[in-house]
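>>> give me a 3D structure for the following:
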Amino acid sequence: MRVYDVKAKHMAATITAHTSEVLGVSLNCSDSLVASSSLDGAIYVHGLGDDYAMKQKFTLNGYKCANVQFSYLKEF
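Presented below is the predicted three-dimensional model:
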């Protein structure tokens, strides 16, 4: 997955955690977390820093789902 800085018009980061096609992506309400799901059966949650540095927060394995979504809570 690629993360783009639209204002600066460049690719800011790449997430290479998945080993299969990504099916769903979601940002939390503060744009500080990115969740993704794929055909490999994993859901990854990454932290998105001000400098677009991506830190993997945690992984859920064995969940083949087409979509991921955050709740509207301020904190995860």
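
>>> all contacts plus neighbour counts: C-alpha atoms, from now on.
Noted.

>>> from memory residue 48 sits against residue 30, does it?
No - the criterion here is C-alpha atoms under 8 Å, and residue 48 misses it with residue 30 at 10.0 Å.

>>> mind listing the strands for the protein?
2-5, 10-14, 22-27, 33-38, 42-48, 54-61 (DSSP state E).

>>> what pairs with the fourth one, parallel or antiparallel?
In the sheet containing strand 33-38, the strands it pairs with under DSSP bridges are strand 22-27 (antiparallel), strand 42-48 (antiparallel).

>>> show the average pLDDT along that strand.
Across strand 33-38, the average pLDDT comes to 88.

>>> show me what counts as buried in that strand.
Residues of strand 33-38 classed as buried: 33, 34, 35, 36, 37, 38 (neighbour count, 16 or more other C-alpha atoms under 10 Å).

>>> what angle do the worst-scoring helix or strand of the chain on mean pLDDT and strand 33-38 make?
Scoring the helices and strands of the chain by mean pLDDT, DSSP states H and E places strand 54-61 at the bottom, with a mean of 77. If you take axes from the mean of the first three to the mean of the last three C-alpha atoms, to 10 degrees, strand 54-61 sits at 40 degrees to strand 33-38.

>>> picking that back up, single out the most deeply packed of the strands of the chain.
strand 33-38 (a mean of 23; mean count of other C-alpha atoms under 10 Å).

>>> perfect, that will be all.
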